[in-house]
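1. this one's sequence-less:
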């Protein structure tokens, strides 16, 4: 009897592709090890060096580093004097922190809808929402696409408003050839692990002058002012928001790669748009982001699923893509529909464009280590899974 035929080995599944992954070189890993060996782990020489490099990056403007991007927005509002009874205009399509920081200082967020093409705050609606209580506006550069800075700053100057740019996702983006952060009012960046450059956790605030920078330092560490060897005074309530030297050393290693990372992200975004332009995929009616390859840093590649054409909800598509080894994300549910904000009076139907995006937006994998074949794999899998759920 002949021996049984050898079983054909199964083809290994493709590695799981997360929606983002940081790129950290070995020199940075070694640098972090040096910091750990130094014994100075909290805020120290690495933070000061990182702040100096960031200031150079932004044309010499004062910059202070923090343990998150969220706290930088809260601190900017405090420096601007925003308080209880004031209003701050912003977009409902953002991470909930954008609304929460307004509540933290006792003010009320005033949401306005987005432009459905850019997915950014509609500045015409923002101007119509200004009241005698409005003190500031927080625009959000969703996925790294900058809000129109000319229109924004003109509006703010006309109405005497402070601007706190939620540029958490736009480090490396530009506006008419100028780096976001090198001009404007307060500019807040995040260095979370999913951002274009990371410190693992952290953020920075770009300020207007040294007076604001000193206030930022007070708010960063319990309101403390130190003088000499033993002098200490506290004039205001601060928090515990300082960046560690460990985090700063990661940032120092990331910053030199920014242009390289941005260029690669743009290449991958273009590859995505080319894949989605294939006739059989374009016919699915998937909403694509604006094809901006000048100003955007392409922090994320987000599509909007065609809700009316699909028999399945977004969660089902995400689950099936996960089975295919593809990670996705949701950035973001509309802020005003969270229970906290519903209790303040917002409801379904208030901001239809933001709500449609919140229900149907899907973040696809995009990070510098990806390849063109990864992009093709993602788009093909999405098209296949969607095709199984189209309404007849």
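-> The structure has been received and is ready for your questions. Given the structure is predicted, the values throughout are model-derived calculations rather than measurements.
2. so who does residue 69 touch?
-> Residues near residue 69 by C-beta atoms under 8 Å, 6 or more residues apart in numbering: 97, 168, 188-192, 202-204. C-betas here are computed from N, CA, C, even on glycine.
3. what about the helices in the stretch 151-300 of the chain?
-> Assigned by DSSP state H, counting those that start in this stretch, the stretch 151-300 of the chain shows helices spanning 210-220, 245-254, 258-276, 279-282.
4. tell me which other helices or strands the shortest one touches.
-> What it means is helix 279-282. Here helix 279-282 touches helix 372-387, going by 3 or more C-beta pairs under 8 Å, 6 or more residues apart in numbering; DSSP states H and E.
5. my read: residue 35 touches residue 247, true?
-> No. Using C-beta atoms under 8 Å, residue 35 makes no contact with residue 247, being 9.5 Å away.
6. which stretches of the stretch 101-250 of the chain have low pLDDT?
-> Within the stretch 101-250 of the chain, no stretch has pLDDT under 70.
7. residue 35 and residue 247 - which one has more neighbours?
-> Each of residue 35 and residue 247 has its neighbours counted (other C-beta atoms under 10 Å); residue 247 has more, 26 against 21.
8. ok, now how distant is that one from residue 253?
-> Distance, residue 247 to residue 253, by C-beta to C-beta, to the nearest Å: 11 Å.
9. ok, the residue nearest in space to the middle of the chain - contacts?
-> Relative to the mean C-alpha position of the chain, the nearest C-alpha, by C-alpha atoms, centre = their mean, is the one of residue 169, at 3.0 Å. Residues counted as contacts of residue 169 (C-beta under 8 Å, 6+ apart) are 140-144, 190, 195-196, 297, 299-300.
10. could you pull out the buried residues of stretch 99-112?
-> Neighbour counts over stretch 99-112 (16 or more other C-beta atoms under 10 Å) mark 99-102, 104-105, 107-112 as buried.
11. wait, isn't residue 370 in contact with residue 17?
-> Yes. Applying C-beta under 8 Å, one finds residue 370 in contact with residue 17, separated by 7.5 Å.
12. circling back: taking the contacts of residue 169, tell me the two that lie furthest apart.
-> Greatest spacing in the contacts of residue 169, by C-beta to C-beta: 140 and 196 (15.7 Å).
13. those two - which one has more neighbours?
-> Counted by other C-beta under 10 Å, residue 140 and residue 196 do not tie: residue 196 has more neighbours, with 28 against 25.
14. ranges for the strands of the stretch 201-350 of the chain?
-> Per DSSP state E, counting those that start in this stretch, the stretch 201-350 of the chain carries strands over the ranges 203-206, 224-227, 231-234, 301-304.
15. of all these, which lies closest to residue 286?
-> Using C-beta to C-beta, the nearest of these to residue 286 is strand 301-304, at 5.0 Å.
16. averaged pLDDT, the closest one. What do you get?
-> Computed over strand 301-304, the mean pLDDT rounds to 98.
17. wait, which of the buried residues of stretch 99-112 is closest to residue 51?
-> For the buried residues of stretch 99-112, the nearest to residue 51 is residue 101 (21.6 Å; C-beta to C-beta).
18. the closest one should be in a strand, yeah?
-> No. Under DSSP: H, G, I helix; E, B strand; the rest coil, residue 101 sits outside any strand and is assigned helix.
19. these two touch, right, it and residue 68?
-> No. Using C-beta under 8 Å, residue 101 is not in contact with residue 68; the gap is 10.6 Å.
20. which one of the helices of the stretch 151-300 of the chain is the most hemmed in?
-> When you average the neighbours per residue for each of the helices of the stretch 151-300 of the chain (mean count of other C-beta atoms under 10 Å), helix 245-254 leads with a mean of 24.
21. surely residue 22 meets residue 193?
-> Yes. Taking contacts as C-beta under 8 Å, residue 22 lies within contact range of residue 193: 5.8 Å.
22. so which of those two has more stuff around it?
-> Using other C-beta under 10 Å, the more surrounded residue of residue 22 and residue 193 is residue 22, with 18 against 15.
23. can you check the pLDDT for the more buried one?
-> At residue 22, pLDDT is 97.
24. excluding covalently adjacent residues, which one is nearest to it?
-> residue 198 (5.0 Å; C-beta to C-beta, 6 or more residues apart in numbering).
25. hmm, back to that, for residue 242, state which of the contacts of residue 69 is nearest.
-> Checking the contacts of residue 69 against residue 242 by C-beta to C-beta gives residue 202 as the nearest, at 9.9 Å.
26. quick check, residue 137 in a helix?
-> No. Residue 137: not assigned to a helix; according to three-state DSSP it is strand.
27. who's it bridged to?
-> Per DSSP bridges, the residues bridged to residue 137 are residue 89, residue 163.
28. thought it was touching residue 125?
-> No. Residue 137 is not in contact with residue 125 according to C-beta under 8 Å; the separation is 11.5 Å.
29. how about residues contacting stretch 379-392?
-> Counting contacts by C-beta under 8 Å, 6+ apart, the residues outside stretch 379-392 that touch it are 272, 275-276, 280-281, 284, 286, 303, 305, 308-312, 316-317, 320-321, 324, 326, 364.
30. quick revisit: output the contacts of residue 169 as CSV; include the columns distance to residue 374.
-> CSV is the format used below for the contacts of residue 169 (distance: C-beta to C-beta, whole Å):
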residue, distance to residue 374
140, 28
141, 25
142, 23
143, 18
144, 19
190, 25
195, 20
196, 18
297, 19
299, 17
300, 15
